[in-house]
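In: The amino acid sequence is not available; the structure is as follows:
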């Protein structure tokens, strides 16, 4: 009997500690879904109490894990929250619809790291995918939210990381399940692309900057396989053999990724374009971001583009920065000075000759050996 009483007292003590811990976890969160319901309970038949929208703040009171009605082997996390409406409505909401305040702060730190870096490119999601705090898909702990298919964003940088083993990849971040998207026939070369992908030992991730309308989190990482680069219509037809991996307008303003039809610019102009050649070899972790610089000028009188500069093969790394006003501009890129040498900043000067033709005065950079195709 004395032993039973001891166990009972010990259990009450643990329960008390647990409640204190739960209370300490109380915080605020931001709604990430475009709209969601605060409900009377976690039950399927629970009543909807209040609709909340993306960007709304709620107080998180507690959390619990509930069996998924469609799959008893899975659990869904629910949060009891208090809304900041006139009635201070309290109820339950699925955790995937809420981003805790501490996670939002971590995203803000990511944004602050690159606050002075101009967008290097723009992209959009080919399918719904996770926005993460780190470029790692071996677990779910770093997931901030799920972004909708078609979401647009500015690309600030990218990196390659070791590819997780299949058994370790809890959240794939790959295309949706069969039947959840329109199915199409295999495109030419698709089997070859899949074979090359299996041989790759690392994977590409994009560090992105998002608008408030798309996400309360201002920055994060997205798995590269889910991203389609949205090359502006002004320059997309000038691709010849190499892919455009980054671009910046040399005159006028470029539309932000959050703008509707970001790939459509208001008028043609001059561009700094960074190109990358394709390769049949697996990509390395230290793979250069680009291997050629292409400057595209625009003749307003004849309303046509022309090649102002095309560099020899080189090994370049982001970010690229454009400085100056009017016709007196420069751009700076990070290049490897010679094979196996140090990576340094190199500045290119832009000017117009007497006929108004855009010219580039390049620094002295030793040409690099081109990658095998």
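Out: Here it is on my side, so go on. Computed from a prediction, not measured in an experiment: that's the story for all the values here.
In: Going by C-alpha atoms from here, please, whenever you check contacts or count neighbours.
Out: Will do.
In: which secondary element of this protein has the worst mean pLDDT?
Out: Of all the helices and strands that make up the chain, the one with the lowest confidence by mean pLDDT, DSSP states H and E is helix 2-24; it has a mean of 41.
In: Could I get the buried residue list for stretch 221-230?
Out: 221, 222, 223, 224, 225, 226, 227, 229, 230 (16 or more other CA atoms under 10 Å).
In: before we move on, the earlier item: could you identify the helix or strand that succeeds the least confident helix or strand of the chain?
Out: Remark: after helix 2-24, the chain's next helix or strand is strand 27-31, criterion DSSP states H and E.
In: Who does that next one pair with, and is each partner parallel or antiparallel?
Out: Its sheet considered, strand 27-31 pairs with strand 57-68 (antiparallel), strand 98-100 (antiparallel) by DSSP bridges.
In: tell me which strands and helices the very next helix or strand once past it is in contact with?
Out: Elements were assigned by DSSP H and E; along the chain past strand 27-31, the next helix or strand is strand 35-39. Identification of packing neighbours for strand 35-39 by 3 or more CA pairs under 8 Å, 6 or more residues apart in numbering; DSSP states H and E yields strand 48-53, strand 90-94.
In: Residues in contact with strand 35-39: which ones?
Out: Strand 35-39 is contacted by residues 46-54, 81, 90-93, 97 when judged by CA atoms under 8 Å, 6 or more residues apart in numbering.
In: just to revisit the earlier point, which of the strands paired with strand 27-31 sits most buried?
Out: Highest mean neighbour count of these: strand 98-100, a mean of 23 (counted as mean count of other CA atoms under 10 Å).
In: can you pull the buried residues of the next helix or strand after it?
Out: Sequence-wise, the next helix or strand downstream of strand 98-100 (DSSP H and E) is helix 101-113. For helix 101-113, a neighbour-count test (16+ other CA under 10 Å) marks 101, 103, 104, 106, 107, 108, 109, 110, 111 as buried.
In: what about helix 101-113, average pLDDT?
Out: Looking at helix 101-113 alone, the average pLDDT works out to 94.
In: chain center to that helix, what's the gap?
Out: Between the centre of helix 101-113 and the centre of its chain there are 14 Å (CA atoms, centre = their mean, to the nearest Å).
In: Partner strands of the helix or strand following that helix, with direction?
Out: Next in sequence after helix 101-113, counting helices and strands by DSSP H and E, comes strand 121-125. Sheet neighbours of strand 121-125, with direction, are listed as strand 152-162 (antiparallel), strand 227-229 (antiparallel) (DSSP bridges).
In: Buried deepest among those strands, which one?
Out: Ranked by average neighbour count under the criterion mean count of other CA under 10 Å, the strands paired with strand 121-125 are headed by strand 152-162 at a mean of 21.
In: doesn't residue 122 make contact with residue 230?
Out: Yes. Taking CA atoms under 8 Å as the contact criterion, residue 230 and residue 122 are neighbours in contact, 5.6 Å apart.
In: Common neighbours of those two, please.
Out: What both residue 230 and residue 122 touch, as defined by CA under 8 Å, 6+ apart, is an empty set.
In: Confirm residue 234 sits in a helix?
Out: No. Secondary structure of residue 234 (DSSP: H, G, I helix; E, B strand; the rest coil): coil, not part of a helix.
In: and the residue nearest to residue 111 when sequence neighbours are not counted, what does it touch?
Out: Closest residue to residue 111 in three dimensions, ignoring its sequence neighbours and counting by CA to CA, 6 or more residues apart in numbering: residue 219, at 5.2 Å. Shown here is residue 219, whose contacts under the criterion CA under 8 Å, 6+ apart are 107, 108, 110, 111, 207, 208, 209, 210.
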